[in-house]
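Asker: I need the structure of the sequence given here:
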Amino acid sequence: MSEPFTLQHPEHRALNLLTTPVWIVASRGNELIFANDAAERLSATSDVHAMRHGSHSAHAEEQLAAYLPALRAREPIIEIWTLQLNGEAVPLSCQLSLLKQDSNNEQILVEGILSSLPSVAVAEKYDLTEDSLYGQLFHSNGAPMLLIDPMAEGRIVDANQAACRFYGHTREGFCRKHTWEINALGRQVLPIMSEVAKLAGGHRPLNFVHRLADGSLRDVQTYACPLKIEGRRLMLCVVHDVTEQKRLKNELEYAASRDPLSGLWNRRHFLKSLEKARQQRRRKDENYSLLMLDVDHFKNINDQFGHEKGDETLVLLAKTLANRVRDTDSVCRWGGEEFTIFLPQTDIGNAAHLAECLRISVSGIQISELPRITVSIGVAQHQADETTESLIRRADAALYQAKAAGRNTVVVG
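Answerer: Below is the predicted model of the structure:
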């Protein structure tokens, strides 16, 4: 059972009078600043990432900060968050808007759209037979389009030619399927679809993973709007294949966060991880520690054996460190021959023990033509209300004490 959380700011207390759930989130770092009483009753956690990435969640952007240009232009942004109602996970549509337009501290207001609110108006009744104007637009459109009945578990009523080409199903085959059969979420997508069906048109596309006829998976963005045909409330879904864009985006993000020589996290990513841990500790009070280590006499290796051997040493050391830590730990090449390791949920005793194990492991590395490699390690545990900069300075000071003590040793700061 998650512990109840309280995030109340005096200037926001008036929002507790609302029955609508309201969250206020820092755009940089996605830290939850405030949740009113209605939001706390629906939230099993204060972790915005968990609510945005739950089993019933859907969104257009991975990071809230990516919405800022659109929010500044007052464009409508809708996400679906996973919340808790009577102990069960439920989807809730949320409207996002910009609350505080301070370039250094922009805040996003997230308002839950309760299902008890009046139903939105649906589009004008259209005839989508192939002989009608709208039917011709539907079937000749170059974008994959599906007509869905949300009241029949998302049964696919019709599919245009572009959808048949993209998914690899015939039109007749499509009409025997449900949307959950082509969605990687399976039946878990049904409550999300139910929420989407309540929305008016004009929202941003939502991200999903769809399965093609050959079993392959594609990243897609889907835009859905309500439609009424012959008295039936249906949903028109336009599908955009974003697999290549997402692959390129992931490659760029990977390159921006990794050290090109060692493949480890770089300093920029590492500092973000430490800052996120510091923010989470304010809510969860979980210990975490930092190791900072340096290759002893590394300059001699470069000078005597060449930079190629120096690079080989750093790559092998990086692999050794990465293989000796937990999946939840983060190893970073801090710069040159210096490395840092972030240890979440780790106190100073366990951090010092790991540092000693790493020191011994590194001393066993054998590289042809090179002398034995050793490292000096500084260890520090984050203290209450300590800044990330202060933690790094203490770990760095401990490292220099280790080098001053003769190297190939561990010092706790």
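Asker: Tell me which residues touch the closest residue in space to residue 297 that isn't next to it in sequence, please.
Answerer: Nearest non-adjacent residue to residue 297, counting by C-beta to C-beta, 6 or more residues apart in numbering: residue 407, 7.6 Å away. Just so you know, the C-beta spots here come from the backbone N, C-alpha and C atoms, and that holds for glycine as well. By C-beta atoms under 8 Å, 6 or more residues apart in numbering, the contact list for residue 407 reads 296, 297, 374, 376.
Asker: give me the element residue 407 is part of.
Answerer: If you go by DSSP states H and E, residue 407 is not part of any helix or strand.
Asker: about what we covered before: of the contacts of residue 407, which pair is most distant in space?
Answerer: The most widely separated members of the contacts of residue 407, counting by C-beta to C-beta, are 297 and 376 (10.3 Å).
Asker: if you count what's nearby, which of these two comes out ahead?
Answerer: Comparing residue 297 with residue 376 by other C-beta atoms under 10 Å, the one with more neighbours is residue 376, at 24 against 14.
Asker: Over to the more buried one. Which of the three states is it?
Answerer: What DSSP: H, G, I helix; E, B strand; the rest coil gives for residue 376 is strand.
Asker: any idea how far it is from residue 338?
Answerer: Counting by C-beta to C-beta, to the nearest Å, the gap from residue 376 to residue 338 is 10 Å.
Asker: Please enumerate the shared neighbours of those two.
Answerer: With C-beta under 8 Å, 6+ apart, residue 376 and residue 338 have common neighbours 293, 294.
Asker: where do the strands sit along the stretch 301-413 of the chain?
Answerer: Using DSSP state E, counting those that start in this stretch, the strands found in the stretch 301-413 of the chain span residues 330-335, 338-344, 375-381, 410-412.
Asker: try the stretch 1-150 of the chain
Answerer: 22-26, 32-35, 77-85, 88-100, 107-113, 145-149.
Asker: of all the ones you listed, which lies closest to residue 58?
Answerer: Closest of the strands of the stretch 1-150 of the chain to residue 58 is strand 77-85, at 4.4 Å (criterion: C-beta to C-beta).
Asker: the helices in the protein, which residues?
Answerer: For the chain, helices defined by DSSP state H occupy the ranges 37-42, 48-52, 68-72, 133-140, 161-167, 171-174, 179-182, 189-197, 243-257, 267-284, 298-305, 307-324, 348-363, 388-404.
Asker: List the buried residues in the lowest-mean-pLDDT helix or strand in the chain.
Answerer: When the helices and strands of the chain are compared on mean pLDDT, DSSP states H and E, helix 133-140 comes out lowest with a mean of 76. Going by neighbour count (16 or more other C-beta atoms under 10 Å), the buried part of helix 133-140 is 135, 138, 139.
Asker: List just the nearest of those residues to residue 113.
Answerer: Minimum distance to residue 113 across those is 28.2 Å, recorded for residue 138 (C-beta to C-beta).
Asker: list the contacts for the closest one?
Answerer: Counting by C-beta under 8 Å, 6+ apart, residue 138 has contacts 128, 145, 147, 158, 160.
Asker: and of those residues, the nearest to residue 16?
Answerer: Comparing these against residue 16 with C-beta to C-beta places residue 147 closest, at 42.8 Å.
Asker: Please report how far that closest one lies from residue 141.
Answerer: 12 Å.
Asker: Those two: which has the busier surroundings?
Answerer: residue 147 (21 against 14).
Asker: ok, what's across the strand from that one?
Answerer: On the basis of DSSP bridges, residue 147 is bridged to residue 158, residue 236.
Asker: ditto for residue 85
Answerer: Beta-bridge partners for residue 85, by DSSP bridges, are residue 88.
Asker: That one touches residue 43, doesn't it?
Answerer: No. Contact criterion C-beta atoms under 8 Å: residue 85 and residue 43 do not qualify, at 10.6 Å.
Asker: circling back to that earlier point, from the contacts of residue 138, list just the buried residues.
Answerer: Of the contacts of residue 138, these count as buried by 16+ other C-beta under 10 Å: 128, 145, 147, 158, 160.
Asker: so where's this structure shaky on pLDDT?
Answerer: Scanning the chain for pLDDT under 70 picks out 1-11, 44, 100-103, 115-134, 201-202.
Asker: tell me the domain boundaries of it?
Answerer: In terms of domains, the chain is parsed into 10-113, 133-242, 258-412 (source: automatic domain parsing).
Asker: now the ones you listed as a markdown table including distance to residue 248?
Answerer: As requested, the domains of the chain are exported to a markdown table (distance: least, C-beta to C-beta, whole Å):
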| stretch | distance to residue 248 |
| --- | --- |
| domain 10-113 | 14 |
| domain 133-242 | 10 |
| domain 258-412 | 16 |
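Asker: out of those, which comes closest to residue 252?
Answerer: domain 258-412 (11.1 Å).
Asker: if I look at the residue nearest to residue 339 when sequence neighbours are not counted, how far off is residue 345?
Answerer: Once flanking residues are discounted, residue 339 sits nearest to residue 293: 5.2 Å by C-beta to C-beta, 6+ apart. To residue 345, residue 293 is 20 Å away according to C-beta to C-beta.
Asker: which of these two has more neighbours?
Answerer: Per other C-beta under 10 Å, whichever of residue 293 and residue 345 has more neighbours is residue 293, with 27 against 14.
Asker: isn't residue 340 right next to residue 325, touching?
Answerer: No. Between residue 340 and residue 325 there is no contact under C-beta under 8 Å: 11.7 Å.
Asker: between these two, who's got more neighbours?
Answerer: Remark: of residue 340 and residue 325, residue 340 carries more neighbours, 26 against 17, as counted by other C-beta under 10 Å.
Asker: In contact with that one, which residues?
Answerer: 270, 290, 291, 292, 293, 331, 332, 334, 392, 395.
Asker: which of these lies closest to residue 36?
Answerer: For those, the minimum distance to residue 36 (C-beta to C-beta) is 34.9 Å, reached by residue 270.
Asker: Ok, which of the strands of the stretch 1-150 of the chain comes nearest residue 244?
Answerer: Set against residue 244 and scored by C-beta to C-beta, the strands of the stretch 1-150 of the chain come closest in strand 145-149, at 20.3 Å.
Asker: So which residues lie in contact with that closest one, not counting its own?
Answerer: 128, 138, 154-160, 162-163, 174, 179, 193, 224, 227, 232, 234-239.
Asker: what's the overlap in contacts for residue 340 and residue 325?
Answerer: In terms of C-beta under 8 Å, 6+ apart, residue 340 and residue 325 are both contacted by the residues residue 331.
Asker: Please consider this matter closed, and thank you.
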